[in-house]
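*Asks:* Turn this into a structure:
(2 chains)
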Amino acid sequence: SQTIHQWPATLVQPVGSPLSLECTVEGTSNPNLYWYRQAAGRGLQLLFYSVGIGQISSEVPQNLSASRPQDRQFILSSKKLLLSDSGFYLCAWSVGTNNQPQHFGDGTRLSIL
Amino acid sequence: AQTVTQSQPEMSVQEAETVTLSCTYDTSESDYYLFWYKQPPSRQMILVIRQEAYKQQNATENRFSVNFQKAAKSFSLKISDSQLGDAAMYFCAYRSINNAGNMLTFGGGTRLMVKP
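*Replies:* Predicted structure coming up:
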């Protein structure tokens, strides 16, 4: 069966510090991968998605970036965090057919001080 | 671009009663997919139910069912025999078939409270 791992679960970082959140998927090949951000009490905002290794599409311009160094690894990064980067970050995967849902990781709660 | 609207920020229901959460969407496409996700306090996103637009029959998963009205672009979720564990945020989502990345467009969510 497929599983998705996302870490860390909670992170507290000072303004201006770098960021690296990691997401890995097991049990499937060539998944589509996604990074979302969810502000408190709000819906999900798609940040990045990837349909293959090294292929990253950005939905929202910002100081975050994403990389996919391996088929089942998706990394969300920042060189210098802003206060506005605080939020709940979710990684998700799906297979390549439209009727299949996205499956989500447990999320990372990021607090910027 | 498609938009998804959930007009009820909060809903409450008595345990064992039935509640309906509303979702409308805007699209010019004739074929697409719709989903309902549940996000409990643990913040996990859990798929509840999905519907293919080409299917006229409403999807059902145990106590969860949808009322899909394609002409009205409405996709409501009905929860029967509500349980305390149903308390969560519920998100409606749309996926186009013309979408290489299988991306979802989410509504703003409805917080469901279940009263014992």
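*Asks:* Now do the contacts for whatever residue of chain B ends up closest to chain A.
*Replies:* For chain B, the residue closest to chain A is residue B:45, as judged by Cβ to the nearest Cβ, at 3.7 Å. (Glycine included, C-beta is placed from N, CA and C.) Contact analysis of residue B:45 by Cβ atoms under 8 Å, 6 or more residues apart in numbering or on different chains lists A:44, A:90, A:92, A:104, B:37, B:38, B:39, B:91.
*Asks:* Just flag the most distant two among these.
*Replies:* A:92 and B:38 (14.5 Å; Cβ to Cβ).
*Asks:* Assign residue A:84 to helix, strand or coil.
*Replies:* Under DSSP: H, G, I helix; E, B strand; the rest coil, residue A:84 falls in the helix class.
*Asks:* Residue B:42: neighbouring residues, count only.
*Replies:* Number of residues near residue B:42 (other Cβ atoms under 10 Å in any protein chain shown) recorded here: 9.
*Asks:* Which pLDDT value belongs to the nearest residue to it once chain neighbours are set aside?
*Replies:* Leaving aside its sequence neighbours, residue B:42 sits nearest to residue A:106 (Cβ to Cβ, 6 or more residues apart in numbering or on different chains; 7.6 Å). Residue A:106 is assigned 93 on the pLDDT scale.
*Asks:* So stretch A:10-21, near chain B or not?
*Replies:* No. Stretch A:10-21 is not in contact with chain B by Cβ under 8 Å from any Cβ of the partner chain; minimum separation 10.9 Å.
*Asks:* contacts for that stretch?
*Replies:* In this structure, residues lying in contact with stretch A:10-21 by Cβ under 8 Å, 6+ apart are A:6-8, A:35, A:64, A:75-83, A:85, A:89, A:91, A:108-113.
*Asks:* partners of residue B:67 in the sheet?
*Replies:* For residue B:67, the beta-bridge partners are residue B:76 (DSSP bridges).
*Asks:* In contact with it: list those residues for me.
*Replies:* Residue B:67 neighbours (Cβ under 8 Å, 6+ apart): B:20, B:58, B:74, B:75, B:76, B:78.
*Asks:* Could you report the pLDDT at the first one?
*Replies:* What the model reports as pLDDT for residue B:20 is 98.
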